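>>> missing the sequence, but the structure's below:
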């Protein structure tokens, strides 16, 4: 499920995103809360918004260069460099479905129905219980009395 969560923006952009040509605006150098400096790339989207790329680091091209991006028109998810066909949305869907399947299987195998267990203890439902072996003494006593 973690792998699916990492690729969730790809799945979101594959469904609702638009592909367009963005322009590299600038690279900013910022200082984090821990005192470390890092570079962040900002791009101008086709709809006029100025967004930062979700990953830190220098811009993949010089300022003013054109890049193909997939972006969310409403700014819900950060833009991703590349074409819509390059998005790895199937990783998100596949791993989320696999995770849900494994969690469901675990729940089914570990949670038992209390009513079913009560019936099984009483012998009124479930597998047929075999009679317990009697000792030879009990068998002789039974034979003498009957």
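Good, I have the coordinates. All figures in this text were calculated on a predicted structure; none of them were measured in a lab.
>>> what ranges do the strands span in this structure?
18-31, 37-44, 50-52, 66-71, 80-81 (DSSP state E).
>>> give me the pLDDT for the residue lying closest to residue 13 once chain neighbours are set aside.
In space, and not counting its chain neighbours, residue 13 is closest to residue 70: 4.8 Å by CB to CB, 6 or more residues apart in numbering. For every residue, glycine as well, the C-beta is placed using N, CA and C. Reported pLDDT at residue 70 in the predicted model: 89.
>>> residue 70 and residue 54: what is the separation?
12 Å (CB to CB, to the nearest Å).
>>> where in the chain is pLDDT low?
1-7, 89-92, 112-146 (pLDDT under 70).
>>> make it 80
For the chain, the stretches with pLDDT under 80 are 1-13, 15, 55-57, 75, 86-100, 102-103, 106-146.
>>> which secondary structure elements does the helix of greatest length in it sit against?
What stands out as the longest helix in the chain, according to DSSP state H, is helix 89-110. If you count contacts as 3 or more CB pairs under 8 Å, 6 or more residues apart in numbering; DSSP states H and E, helix 89-110 packs onto helix 2-6, helix 8-16.
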